[in-house]
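Enquirer: all I have is the shape, not the residue letters:
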């Protein structure tokens, strides 16, 4: 196992230079929810709801985020508040504010729909012959309807500045026959008269419109768009985003509604029509207008049996369809026009999450009745995976080259998308075929290393990316590596380092969708962590009470029922293969201990088992887990007053927390890889009598790496690699000793997933420790709010096996140069003196510099304090620093980045 960890050490993430054409800012976005009703009986403009209704659910405002932050977990940057109900019934000012406040609290931009249908209807109700122009004139007069709406949505701090006017005005007639649908000319009149009023009220606003419906007929939005984009009624001067809705397939009975049509649609008809819209915008009055799809789902109406295996919005097919559309909407056009700017799936929650409803397009399954939270459907988990694509986007090209088996669909049923990120390369492969593909190659540069016959090839044209010079290989799997197959009906995410080596792989299978599970890690490095073993149906050979010491060595063990260690018994597993039935717990009563070495413990058929429980200990018992795999356990380790040693293991694919340690006398958590949990490690009430260790671990694919509550402080947290979605270390009401020393830094690496920045590193309340950071480690902590404990300079970086970023090897171009060792040769080439000094320092090179260069002076957290430009031929210079402290002077000389520490006294 330690060999596996050492191999992983050489493939951990390194940063690469950001590329051009990043994924648009608001592309990761969605629709908040479709409430049953809005408005109230006293609100002007309410059409159909005679009773008071304020988005209440059991007396509480319908919280779109929920207690598990389901929406935030999708990394949404924008949520839309618009739809049929919003346009039919005017929301109240309080409802607007509740939505906006919810968004702001989660750093999400709100997009507010300004209703018009209800006002139009009320005017027509009083006078069926009233003309649209008259209605508009009444709405825009001082104190009129549009002014009232703007007062409702802008009368408080933090109000929205993204607005849409109306919802599907080209389909008004279908809403209970209230009014006729509006023509292109009518829509132009609304926008040309009302948008100037909105912009006068909110000068920095962005307008999204006209919110057209696709209405099942692909030519429909284009028919309107002929007039509205560059035509007789060109609205492009009045919108920042030209928006429409997309539900490409009708209900179950349409003859064109088939698996083949769904698989082919994103790459063909969608791309064709998207190109037509782009071309019209390019020739319109405002060619800078961006495209937005503000509602999208697969079908207009669900089948009566809206299940995972069917063809409606709840199906696994729908999830793969939405992910395919997500990627295809990012594909740049052949003439260089940009991608879709907003891709907003309908909807977070609708019709109570009831799959039997023909109009339930929720991505969450089941009712929202706090504290019960609905689970994600296939579409939710596909969006969850797509969120990992950040920065520069690439669309893969499929070539089968005689690949076996033959694909099920004309376009081969496989799509691949990738992104080049600051820390590496992500590739998502969507296999919609009913077949596995064991032979495949992912090529980052499709100009070399062509695959042989019989291999499925997914090619990405990254040959112009600067980082390619850093790749050890330009394709995967490279020579000597055996890759796991691309599974049938499975969406797979590969995460590669910038060296091109596999960091980990995650799969979302049809079985996961059927079981209501989230995507699971399949591999970490090249170790398989999702093992499928069906032997549990054959009967077990371990279970019940064990009252005597029991040893297994080199055995295959099946456990079908709970195991209970009693009377001080010891259970020892060494080099064993252990398949455990769903829901089974291995527990140890007071006085009993467990030792696991060089073994694999996993759930039968990939299903979850409960884990190891050692509760109510007397501080004499022990748990030892070494060089082993613990897979598919909901909580792999749960202890109370137990001595714990967990070293050199992989713990992966659990529902909750990997390790829960309460009242431990001492623990050693070292050299582990922990991934695929909500939380990696939770500790509380740990004894201070002995030093506990959290050292050289890798935490990936989780919300929080470490949670400490009411905990003792005698613990070293050193040289860990934390990759998390919310917080690295959350330490509440706890003691914490200084981490690192003044001579050597703590050596941890923090990356918050989704932005690859060191944010929310340590959230701590309790004692006031000091975090010592060496020069390079400090440069990673560029956010002053990264941790709420003091950061002090250490004289040197700690050498950490888990953290290549502390090594000298470069991986791409950093905006802050890498530190190099201050050898005697370098000191002779580049001198800074006097050091320490009072603020004025002499710079001397051993020989005149051979090109123009810049000297950079940075503080302990990597911020540039001052620079000095030197011309070719210069050999001496002076720099001045007016602040006391530790600084770093760096310069490029003789092809190397040379850095020296200086102290201002």
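Expert: Noted; the coordinates are in hand. Note that this is a predicted model, so its numbers are computed, not measured. Numbering: from 1, shown residues only.
Enquirer: for the rest of this, base every contact and every neighbour count on C-alpha atoms.
Expert: Fine.
Enquirer: contact partners of the lengthiest helix in the chain?
Expert: Here the longest helix in the chain is taken by residue count, with DSSP state H as the criterion, and it is helix 184-201. Applying C-alpha atoms under 8 Å, 6 or more residues apart in numbering, the external contacts of helix 184-201 come out as 132-133, 136, 140, 146, 150, 165, 169, 205, 207, 210, 224, 227-228, 233-235, 238.
Enquirer: let's see it at 7 Å
Expert: With contact meaning C-alpha atoms under 7 Å, 6 or more residues apart in numbering, helix 184-201 is reached by 132, 136, 140, 205, 224, 227-228, 233, 235, 238.
Enquirer: which of the residues in that helix are buried?
Expert: By neighbour count with 16 or more other C-alpha atoms under 10 Å, helix 184-201 contains the buried residues 184, 186-195, 197-198.
Enquirer: ok, stretch 302-318 next?
Expert: Within stretch 302-318, the residues that count as buried by 16+ other C-alpha under 10 Å are 302-303, 305-308, 310-318.
Enquirer: got it, and stretch 739-747?
Expert: Buried residues in stretch 739-747, defined by neighbour count with 16+ other C-alpha under 10 Å: 739-742, 744-747.
Enquirer: now do the same end-to-end measure for it.
Expert: Between the opening and closing residues of stretch 739-747 we find a distance of 9 Å, counting by C-alpha to C-alpha, to the nearest Å.
Enquirer: can you put the buried residues of helix 184-201 in a markdown table and add pLDDT and distance to residue 424?
Expert: Written out in a markdown table, the entries for the buried residues of helix 184-201 read as follows (pLDDT from 0 to 100; distance: C-alpha to C-alpha, whole Å):
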| residue | pLDDT | distance to residue 424 |
| --- | --- | --- |
| 184 | 91 | 47 |
| 186 | 92 | 50 |
| 187 | 94 | 46 |
| 188 | 97 | 46 |
| 189 | 96 | 49 |
| 190 | 96 | 47 |
| 191 | 98 | 44 |
| 192 | 98 | 46 |
| 193 | 97 | 48 |
| 194 | 98 | 46 |
| 195 | 98 | 43 |
| 197 | 98 | 46 |
| 198 | 98 | 43 |
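Enquirer: export the residues you listed to JSON lines and tack on distance to residue 625?
Expert: Supplementary listing: the buried residues of helix 184-201 in JSON lines, determined by distance: C-alpha to C-alpha, whole Å:
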{"residue": "184", "distance to residue 625": "69"}
{"residue": "186", "distance to residue 625": "71"}
{"residue": "187", "distance to residue 625": "68"}
{"residue": "188", "distance to residue 625": "69"}
{"residue": "189", "distance to residue 625": "72"}
{"residue": "190", "distance to residue 625": "69"}
{"residue": "191", "distance to residue 625": "67"}
{"residue": "192", "distance to residue 625": "70"}
{"residue": "193", "distance to residue 625": "71"}
{"residue": "194", "distance to residue 625": "68"}
{"residue": "195", "distance to residue 625": "65"}
{"residue": "197", "distance to residue 625": "68"}
{"residue": "198", "distance to residue 625": "64"}
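Enquirer: from those residues, which is closest to residue 654?
Expert: If you rank these by distance to residue 654 using C-alpha to C-alpha, residue 198 comes first, at 49.5 Å.
Enquirer: before we move on, the earlier item: mind checking which of the contacts of helix 184-201 land in helices?
Expert: Secondary structure assignment by DSSP H places 132, 136, 140, 224, 227-228 of the contacts of helix 184-201 in helices.
Enquirer: of those, closest to residue 605?
Expert: The shortest gap between residue 605 and any of these belongs to residue 224, at 52.7 Å (C-alpha to C-alpha).
Enquirer: check contacts around the closest one.
Expert: Contact criterion C-alpha under 7 Å, 6+ apart gives residue 184 as the residues in contact with residue 224.
Enquirer: likewise residue 549?
Expert: Per C-alpha under 7 Å, 6+ apart, neighbours of residue 549: 569-571.
Enquirer: mark which of those residues are buried, thanks.
Expert: With neighbours counted using 16+ other C-alpha under 10 Å, the contacts of residue 549 contain these buried positions: 569-571.
Enquirer: got those as JSON lines, with distance to residue 277, secondary structure and pLDDT columns?
Expert: Putting the buried ones among the contacts of residue 549 into JSON lines (distance: C-alpha to C-alpha, whole Å; DSSP: H, G, I helix; E, B strand; the rest coil; pLDDT from 0 to 100) gives the following:
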{"residue": "569", "distance to residue 277": "72", "secondary structure": "coil", "pLDDT": "96"}
{"residue": "570", "distance to residue 277": "70", "secondary structure": "strand", "pLDDT": "96"}
{"residue": "571", "distance to residue 277": "67", "secondary structure": "strand", "pLDDT": "97"}
